[in-house]
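Engineer: return a 3D structure for these sequence lines:
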Amino acid sequence: MELFLVIYILINIFTFLLMRVDKKRAINRQWRVAEVYLWGTAIGGGALGAWIGMRTFRHKTKHFTFKYGLPLLTIIQLILIGYFVSGLT
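Structural biologist: Sure, this is the predicted structure:
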């Protein structure tokens, strides 16, 4: 269970930083991180990091799918994690 939580935290930190990189690249008009990678890391367990990154860096806030999809995905992931963690103890 501890390893699971460490992996979950690392995925979220990575996704948070990925949002930061994409925002900086957008400002500098550089090659961007593809949305499929942002969503892939979010679906892979990093929804909370992506949501916090979106809010912190004010990035992708006008995209309907990010604005409403990330909070919904975060809630679903937290419910599933709570369910599985409580079942493991």
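
Engineer: going forward, measure contacts between C-alpha atoms and count neighbours the same way
Structural biologist: Fine.

Engineer: just how off-centre is stretch 26-34 within its chain?
Structural biologist: On the basis of Cα atoms, centre = their mean, to the nearest Å, stretch 26-34 is displaced by 18 Å from the centre of the chain it belongs to.

Engineer: and for it, what's in contact with it?
Structural biologist: Stretch 26-34 is contacted from outside by 18, 21-22, 25, using Cα atoms under 8 Å, 6 or more residues apart in numbering.

Engineer: so what secondary structure elements neighbour the one helix or strand in the chain whose mean pLDDT sits lowest?
Structural biologist: Ranked by mean pLDDT, DSSP states H and E, the weakest helix or strand in the chain is helix 64-88, scoring a mean of 92. Judged by 3 or more Cα pairs under 8 Å, 6 or more residues apart in numbering; DSSP states H and E, helix 64-88 is in contact with helix 47-57.

Engineer: got the angle between the helix it packs on and helix 64-88?
Structural biologist: Computed by axes from the mean of the first three to the mean of the last three Cα atoms, to 10 degrees, the angle separating helix 47-57 from helix 64-88 equals 140 degrees.

Engineer: checking residue 36 next. Helix, strand or coil?
Structural biologist: When states are read from DSSP: H, G, I helix; E, B strand; the rest coil, the local structure at residue 36 comes out as helix.
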